[in-house]
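> pasting a predicted model and its sequence here:
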Amino acid sequence: NGLQREPIEEGFAGDIVALAGYDSVNIGDTLTAASDPTPLEYVDLDKPTIAMYFRVNNSPFAGLEGKFVTSNQIKDRLEREVRTNVAMRVEATDSPDVFKVSGRGELQMAILIETMRREGFEFSVSRPEVLFQEIDDVIHEPVEEVVVDVLTDYSNKVIDNLQKRKGIMQGMSQEGENNRIEFRVPSRGLIGFRGEMLTETRGTGIMHQQFDGYEPYAGEIPGRTRGALIALEKGDVTGYALEGVQDRGTFFVEPGDSVYMGMVVGTNNRSDDMVVNVAKKKALTNHRASITADSIKISQAKKMSLEECIEFIANDELLEVTPESLRIRKKFLDHNERKREEKKKAGV
C-alpha cells in the first residue's frame, strides 16, 4: 500500500510482494497458483563478458588485517552475491581456494571487491580476462556501445584514447559546450578506461556503456609498457633504501611501509621487471653522519585506487585486497621460483 508494507494472505497478478523462507528461489523463477503451475517464459540474460579469479590470500601478511579470510567464508559470500546479482556467475576451479567470478565489466567487479573489502573480507584477485567465444571457427570477443558526454576541450583526448583501445567511432554530436561521443569498443579495451577518462576530463566526463554482441577478435591492445619493481625481502621500507633506487622508476611505497619478498613496490622505467631492496638499512658507524635523515630527498609515492590497481596488474601478478590495504604482488613470490616458471613458459 504505497510505500507501506502490509501482511497479506494472497497475491494477485500485478502485485508487488515480498516472500521469506524460500532458500531455493532463483532470479527468473515464477510464483504460481497451485491450481495452474504454468511458469512464465524465462528471459535469457546477457552472458558475462569478463572473469576474475578470487582466491584465498596466501601472502606473508595473510590474516593480519581481514576478518573473513577462509575459502568457505569467501565462497559463501560469492554465492550470496549470485542470488541477487543477475549478471554474475561463480564457478569452482581445480583448487578449493580459487573461485572463477564472471561479470559484466570491470566496474561491476570493482564494486563487488570494494563491498567485500568493507565487509571485512581479505582475499586476492587476478587480472580481468575477457570471455571469448568461438563462432563458425572464428574467435569472437564481446563488444560494447560506449557513450561519453564530455566538454569540447577534452573531446580529442577521449577520442584518441578509445581509438588506441580498438574502438570504432559511431558518431559525435554537440550540445552547447558538451560533445556526445559514441563508440563501439571491445570489452577488454574498456578495462581501466573509466579512470583514465575521468583524469583526462578532470572529473567532468560522463560515460555509459552497454553490451552489444560479439565481433571477430580485433587484435592486440597495447597494455602496460613498464615493468614492475619487486621487493627483494621482507621488512620495513627505509628512506635510505628508497633514495638509492628511486631513479629506477616510480614507487608505490614510502618509508615505514611494510613489504615482503615478491611484492610489487613500483613501476620500472624499463619494460622488464627488476628486484630492488627497499628495506635496506644504513650501516651504523662510530662516525657522525654528515647527512641527516631529514636531508634525504624522496619522491612522493604513487597511491592507486582499486580500479587503477585492477588495470595495472599483469597476468603473472595478483592484487591483495584487505579492509586496510591494496597490495600488488607476483603470483610466485620467490625470485628463483618465478624465474623457473618464466623459463617453463618460454620453453627453455
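Right, received. Where do you want to start?

> report how many residues lie close to the closest residue in space to Gly219 that isn't next to it in sequence.
Nearest non-adjacent residue to Gly219, counting by Cβ to Cβ, 6 or more residues apart in numbering: Lys166, 6.6 Å away. No exception for glycine: its C-beta is placed from N, CA and C like everyone else's. Using other Cβ atoms under 10 Å, Lys166 is surrounded by 20 other residues.

> again, but for Phe54
Residues contacting Phe54 under the criterion other Cβ under 10 Å number 26.

> likewise for Thr30?
A count of neighbours around Thr30, defined by other Cβ under 10 Å, yields 10.

> could you tell me the model confidence score at it?
Per-residue confidence at Thr30 stands at 82 (pLDDT).

> and what about it, helix, strand or coil?
coil (DSSP: H, G, I helix; E, B strand; the rest coil).

> please report how far it lies from Glu10.
16 Å (Cβ to Cβ, to the nearest Å).

> secondary structure class for Val148?
strand.

> now it, which residues is it bridged with?
For Val148, the beta-bridge partners under DSSP bridges are Ile181, Met207.

> residues contacting it?
Listed by Cβ atoms under 8 Å, 6 or more residues apart in numbering, the contact partners of Val148 are Val158, Leu162, Arg180, Ile181, Phe183, Met197, Gly205, Ile206, Met207, His208.

> is it true that the residue nearest to Gly219 touches Pro216?
No - Lys166 lies out of contact with Pro216 (Cβ atoms under 8 Å); the separation is 11.4 Å.

> before we move on, back to that, now do the contacts for the residue nearest to Gly219.
Lys166 neighbours (Cβ under 8 Å, 6+ apart): Val185, Pro186, Gly189, Ala218, Gly219, Ile221.

> run the last query once more with 6 Å
Pro186, Gly189, Ala218, Ile221 (Cβ atoms under 6 Å, 6 or more residues apart in numbering).

> hang on, it in a strand?
No - counting by three-state DSSP, Lys166 falls outside a strand, being coil.

> what residues does stretch 251-260 touch?
Pro60, Ala231, Lys234, Asp236, Val237, Thr238, Gly239, Val265, Gly266, Ala301, Lys302.

> repeat that for stretch 183-198.
49, 106, 128, 130, 141-144, 146, 162, 165-170, 205, 207, 218, 221, 307-308, 311.

> how far is that stretch from where the chain is centred?
Distance, stretch centre to chain centre, for stretch 183-198: 13 Å (Cα atoms, centre = their mean, to the nearest Å).

> what comes up buried for that stretch?
183-197 (16 or more other Cβ atoms under 10 Å).

> do the same with stretch 252-267
Buried, per 16+ other Cβ under 10 Å, within stretch 252-267: 252-255, 257-267.

> CA atoms of stretch 105-113 as CSV?
Extracted C-alpha coordinates of stretch 105-113, given in CSV (Å, rounded to 0.1, in the frame of the first residue of the first chain):
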residue,chain,number,x,y,z
GLY,A,105,32.5,-5.4,-16.8
GLU,A,106,35.4,-4.1,-14.7
LEU,A,107,33.2,-1.6,-12.8
GLN,A,108,30.8,-4.4,-11.6
MET,A,109,33.8,-6.4,-10.4
ALA,A,110,35.3,-3.4,-8.7
ILE,A,111,32.1,-2.7,-6.8
LEU,A,112,31.9,-6.3,-5.6
ILE,A,113,35.6,-6.3,-4.5
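
> for Thr250, give its distance to Gly244.
Counting by Cβ to Cβ - Thr250 and Gly244 are separated by 15 Å.

> the residue positioned nearest the centre of the chain: which element?
Nearest to the mean C-alpha position of the chain, by Cα atoms, centre = their mean, lies Ile310 at 3.2 Å. If you go by DSSP states H and E, Ile310 is part of helix 306-312.

> in that helix, which residues are buried?
Leu306, Glu307, Cys309, Ile310, Glu311, Phe312.

> model confidence over it, on average?
Here the average pLDDT along helix 306-312 is 90.

> again, but for stretch 283-296
Per-residue scores along stretch 283-296 average to 56.

> next one: stretch 167-182
92.

> and for stretch 192-212?
Per-residue scores along stretch 192-212 average to 89.

> hmm, Met52 and Pro128 touching each other?
Yes - when contacts are counted by Cβ atoms under 6 Å, Pro128 is listed as touching Met52 (5.2 Å).

> so who does Glu317 touch?
If you count contacts by Cβ under 6 Å, 6+ apart, then Glu317 has Ile328, Lys330 around it.

> okay, it: pLDDT?
Confidence score, pLDDT, at Glu317: 95.

> so what pairs up with it in the strands?
Beta-bridge partners of Glu317, as defined by DSSP bridges: Lys330.
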